[in-house]
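>>> only the shape, not the letters, is given here:
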């Protein structure tokens, strides 16, 4: 039923945009034929890409992705523009709001609106692609009254790589360099490392690129919902483990450095273990970090003594107005929030699903400076501060220092910053 609703909605929006665009074109047959062919090409490419996935060769999958996914983004914005115009026309039917010059020259006005819409959407696509290709670093300062190794820990959080033939080894190489350049004590990968099929990851030797990730206290990962979609998730797990990454599947680790880190299987697994059973037998007086891909049921962490929960999944909507939708779907769709003694951090992700555009959002790596409060303060409050308040949530501020992943050979050393 869900599939039928999605497909029906997509067909309805596509038909609406096609008809409105066709009506706005000048009455030139050649131009209208070109328009119809281009529209059909984008429409068919998207459906072929969704159906075939990475089962076809990269030389076919990538062009289908470029055309089909770009078509989807453009379709959404053209639909919003057309809907806005139709609403204004409806208002004008009852209350005259259009100037007389527009009404007298309606055919010309439609063409001007068409060209303006094309320019607007084209500009948004360029900006969105630049945002995707230049991941930034978002920083949070968080405190705890628990004892941390050396009094502080730097946690580097990355999520939602969605590695495939589309987000390929070239992208991953840049991501790894950016992550390592932060010199984290811990690197945490919060799920959706693979997009769906493991084949392109093996063909492009992405396990080798992942093996370059390094951190003083270890590199840890959990699953996301996309690891469940390809039907070969055990091979994905094997690739991740083979890269020297500690994959936490409903399990926890007592680090010899004096903290506990736990990871939950994605909630796509309806039989995943309860958090209290995962933590059974562990010393919760130590700092406790939880990796859980989807930021749902936040109270689980709070009720089980978790100090920091790290999540991804939402992509912050990826492009506006998706950000509005995810804000309505999740208690915390992005950023940092403290509830009682538990800090929650949700990242928008370093990669993305589908279209390579970030419009109103960003690709990012998150750096958390986790510091131990002096014993004399007697406070247990957690603070999240930054130099850029525009990236804050209601309870915390985050800063985003625009950092482009630079190309370098090898991996960075992991030393703690003081």
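All right, it came through fine. The model shown is predicted, which means the values in this text are computed figures rather than measured ones.
>>> contacts only, for the residue nearest the centre of the chain.
Centroid check for the chain by Cα atoms, centre = their mean gives residue 315 as the closest residue, at 2.7 Å. For residue 315, the set of contacting residues under the criterion of Cβ atoms under 8 Å, 6 or more residues apart in numbering consists of 160, 322, 326, 348-349, 352-353, 361. The way it works is simple: take the backbone N, C-alpha and C, and place the C-beta from them, glycine included.
>>> counting neighbours, what do you get for residue 124?
By the other Cβ atoms under 10 Å criterion, the neighbourhood of residue 124 contains 18 residues.
>>> following the host helix or strand of it, which helix or strand shows up next?
Under the criterion of DSSP states H and E, residue 124 resides in helix 106-133. Counting by DSSP H and E, the element after helix 106-133 in chain order, helix or strand, is strand 136-144.
>>> surely residue 209 meets residue 172?
Yes: Residue 209 lies in contact with residue 172 (Cβ atoms under 8 Å); the separation is 4.7 Å.
>>> rewinding a little: relative to residue 254, which of the contacts of residue 315 is nearest.
Proximity to residue 254 was ranked across the contacts of residue 315 by Cβ to Cβ; first place goes to residue 160, at 27.8 Å.
>>> can you pull the pLDDT of that closest one?
Among the per-residue scores, residue 160 holds a pLDDT of 98.
>>> so is it in a helix, a strand, or just coil?
Here residue 160 is recorded as coil under DSSP: H, G, I helix; E, B strand; the rest coil.
>>> again, but for residue 357
Counting by three-state DSSP, the three-state call for residue 357 is coil.
>>> count of neighbours near it?
Burial of residue 357 is recorded as 23 neighbouring residues (other Cβ under 10 Å).
>>> tell me who's in contact with the closest residue in space to it that isn't next to it in sequence.
Ranked by Cβ to Cβ, 6 or more residues apart in numbering and with sequence neighbours excluded, the top spatial neighbour of residue 357 is residue 128, at 3.1 Å. Taking Cβ under 8 Å, 6+ apart as the contact definition, residue 128 lies against 73, 319, 355-359.
>>> one more time with 7 Å, if that's ok
Applying Cβ atoms under 7 Å, 6 or more residues apart in numbering, one finds that residue 128 lies in contact with 319, 357-359.
>>> distance check, it against residue 96.
Distance, residue 128 to residue 96, by Cβ to Cβ, to the nearest Å: 37 Å.
>>> residue 240 against residue 247, yeah?
Yes: counting by Cβ atoms under 7 Å, residue 240 sits close enough to residue 247 to count as a contact (5.2 Å).
>>> give the residues shared as contacts by those two.
Counting by Cβ under 7 Å, 6+ apart, the contacts common to residue 240 and residue 247 are residue 221.
>>> neighbour count: these two, which is higher?
The neighbour comparison of residue 240 against residue 247 (other Cβ under 10 Å) goes to residue 240, with 23 against 20.
>>> how about the helices in the stretch 251-400 of the chain?
Assigned helices in the stretch 251-400 of the chain, in chain order: 275-279, 299-303, 322-329 (criterion: DSSP state H, counting those that start in this stretch).
>>> okay, those helices in JSON lines with mean neighbour count and mean pLDDT next?
Listed next are these as JSON lines, based on neighbours: other Cβ atoms under 10 Å; pLDDT from 0 to 100:
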{"stretch": "helix 275-279", "mean neighbour count": "17", "mean pLDDT": "98"}
{"stretch": "helix 299-303", "mean neighbour count": "16", "mean pLDDT": "97"}
{"stretch": "helix 322-329", "mean neighbour count": "15", "mean pLDDT": "94"}
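>>> would you tell me which of these gets closest to residue 141?
Closest approach to residue 141 among the helices of the stretch 251-400 of the chain (Cβ to Cβ): helix 299-303, 20.0 Å.
>>> ok so, going back, closest one to residue 101 out of the contacts of residue 315, please.
Nearest member of the contacts of residue 315 to residue 101, counting by Cβ to Cβ, is residue 322, at 36.8 Å.
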